[in-house]
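Colleague: Got a predicted model here, sequence first, then my questions.
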Amino acid sequence: MNIEEIRKADNQVDPLFINRWSPRAYTGEDIPDTVLLNVLEAARWAPSARNIQPWRFVYAKRHSLSFANILGVLSERNQLWAPQASTLIALLSAKTFLVDGKQEPAHCHSFDAGAAWTNLTLQANLLGWQTRAMAAFDHEAAAKVLKVPNGYDIEVIIAIGKVADKETLPATLKELDVPTPRRPLQELVSEGTFQE
């Protein structure tokens, strides 16, 4: 598959951004600890408002009980392909932070967690791995399974793996497993005031 035929930048951009996509077909290959720690380290260095670093990560490697527990909270559609991921990572964010001895709202916690996700996925791509973030899961059940205390949101669950041929997927997912294009930049940007 030639990603450049599907995804074309309107302006000059490093190929890293074009080559990152969200596949569903994975080989099931074990992820080395060094790779897993490397992508988490990249996520750790994301910027955050007031440097509060609200992100937290809970991971489970394939074949572990924790992995099976996380799989169990995913939507039925995600359960069709996610068992072949090498690891699943829940990305959480703290909704408050401590200021002068009291908890204050962290208004940018989701935004900051998104920055950590971006660092994680780009680092994984640099190392030859791909990722897919999933928002379709039972948030209440996930909080119980992961033992998440009050004050945290589970933003997404991330699958990491080596890409497999999409023919390994169920028929309903095969046609969906391709890199997607993006809207033209002019549809997303306006100067001075918002334009639909």
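Modeller: All right, it came through fine.
Colleague: just checking, next helix/strand downstream of the helix or strand harbouring Leu37?
Modeller: Leu37 is part of helix 33-44, with elements assigned from DSSP states H and E. Using DSSP H and E, the next helix or strand after helix 33-44 towards the C-terminus is strand 55-61.
Colleague: So for the helix or strand following that following strand, what gets flagged as buried?
Modeller: Downstream of strand 55-61, the first helix or strand assigned by DSSP H and E is helix 65-71. Under the neighbour-count criterion of 16 or more other C-beta atoms under 10 Å, helix 65-71 has 67, 69-71 buried. For every residue, glycine as well, the C-beta is placed using N, CA and C.
Colleague: So for helix 65-71, mean pLDDT?
Modeller: The average pLDDT within helix 65-71 is 97.
Colleague: Could you look up the next helix or strand downstream of it?
Modeller: By DSSP H and E, the next helix or strand past helix 65-71 is helix 76-79.
Colleague: Strands along this protein, start to end?
Modeller: 55-61, 87-94, 96-99, 102-105, 130-134, 152-161 (DSSP state E).
Colleague: now those strands in CSV, with mean pLDDT, mean neighbour count and distance to Trp117?
Modeller: CSV is the format used below for these (pLDDT from 0 to 100; neighbours: other C-beta atoms under 10 Å; distance: least, C-beta to C-beta, whole Å):
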stretch, mean pLDDT, mean neighbour count, distance to Trp117
strand 55-61, 98, 19, 8
strand 87-94, 98, 23, 6
strand 96-99, 92, 14, 19
strand 102-105, 92, 10, 21
strand 130-134, 98, 20, 6
strand 152-161, 98, 22, 7
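Colleague: So which of those strands is nearest Leu176?
Modeller: strand 130-134 (11.3 Å; C-beta to C-beta).
Colleague: about what we covered before: wait, which of the strands of the chain is closest to Thr27?
Modeller: Nearest of the strands of the chain (C-beta to C-beta): strand 152-161, 6.4 Å.
Colleague: wouldn't Val73 be in contact with Phe137 here?
Modeller: Yes: between Val73 and Phe137 a contact is recorded at 5.0 Å, counting by C-beta atoms under 8 Å.
Colleague: what touches both of these two?
Modeller: Ile157 (C-beta atoms under 8 Å, 6 or more residues apart in numbering).
Colleague: Select the longest helix from the protein.
Modeller: helix 109-126 (DSSP state H).
Colleague: Mind listing what's buried along that one?
Modeller: In helix 109-126, counting by 16+ other C-beta under 10 Å, buried: 109, 112-117, 119-125.
Colleague: If anything else comes up later, I'll come back, but that's it for now.
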